[in-house]
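# heads up, no residue letters with this:
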């Protein structure tokens with residue numbers, strides 16, 4: 001049976017609400033794909049599924065070959081470009097993987113809504129919300145007790161500066177993962193890059209203040 005116009009509107013509204021639930025959670029954590037992105041994504045996926053169902057009935061009536069799953073399959077594979085756009089690299093840290101997977105999963109939730117599986121879609125969305133919010137707290141408290149930070153420092157070169165910077169970072173970090181210093185001979189500038197692992201509760205303000213107290217340091221960037 002073809003999906004009626006009333007059912008289409010209802011399914012689009014349900015899809016938009018479910019997408020908004022996950023999008024709101026992502027928005028609260030300042031992720032690149034937030035409320036609007038998730039809502040529009042699920043609306044589009046819902047429409048694609050409805051179109052697949054209705055076209056399947058139309059072609060079946062006219063005895064023409066048509067695979068109703070073809071459009072849905074294209075949504076699942078095509079969502080990859082949105083997921084890739086949500087993944088960002090900050091120095092040696094990669095962020096956005098969770099948001100990319102939430103986009104992909106919500107696209108499938110939209111397909112499920114479009115096919116009329118309301119209860120399954122609601123349960124899947126609730127489960128995702130629990131994974132994103134509850135497990136995020138558990139991870140930060142018990143699993144991910146430290147985080148890697150990428151530090152960049154621009155300074156005017158002077159003797160002993162590199163050693164001082166290394167010692168300050170080492171004193172504040174749990175572990176130094178890498179340290180690199182590049183000197184520009186022409187203008188006597190120094191560019192330092194360091195990757196270190198810090199405890200989640202380590203106040204970076206103290207590290208920044210200590211680094212700025214070093215004579216010659218002009219700028220500090222921590223990611």
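Received the coordinates, thanks. None of the values given here were measured: they were computed from a predicted structure. Numbering: from 1, shown residues only.
# center of this protein, which residue is that?
Centroid-nearest residue in the chain: residue 96, 2.0 Å away (criterion: Cα atoms, centre = their mean).
# correct me, but that one touches residue 31?
Yes - counting by Cβ atoms under 8 Å, residue 96 does reach residue 31; the two are 6.7 Å apart. Every residue, glycine included, has its C-beta placed from N, CA and C.
# gap between stretch 151-165 and the chain center?
Taking Cα atoms, centre = their mean, to the nearest Å, one finds the center of stretch 151-165 at 33 Å from the center of the full chain.
# ok, back up a step: with residue 103 as the reference, measure out to the residue nearest to the centre of the chain.
10 Å (Cβ to Cβ, to the nearest Å).
# cool, residue 27 as well?
For residue 27 relative to residue 103 (Cβ to Cβ), the value is 13 Å.
# if I look at residue 63, how far off is residue 55?
Relative to residue 55, and taking Cβ to Cβ, residue 63 is found at 14 Å.
# I meant residue 49, not that one.
11 Å.
# overlap in contacts of the two?
Overlap of the contact sets of residue 49 and residue 55 (by Cβ atoms under 8 Å, 6 or more residues apart in numbering) consists of residue 71.
# Look at those two and report which has more neighbours.
Higher neighbour count among residue 49 and residue 55: residue 49, with 28 against 16, using other Cβ atoms under 10 Å.
# pLDDT averaged over the longest helix that the chain contains, what's the number?
The single longest helix within the chain, with elements called by DSSP state H, is helix 35-61. Helix 35-61 shows a mean pLDDT of 80.
# what angle do the helix or strand just after it and helix 35-61 make?
Proceeding N to C from helix 35-61, the next assigned helix or strand is helix 70-78, under DSSP states H and E. Interaxial angle of helix 70-78 relative to helix 35-61 (axes from the mean of the first three to the mean of the last three Cα atoms, to 10 degrees): 150 degrees.
# for helix 70-78, which positions count as buried?
Buried residues in helix 70-78, counting neighbours by 16 or more other Cβ atoms under 10 Å, are found at 71-72, 75.
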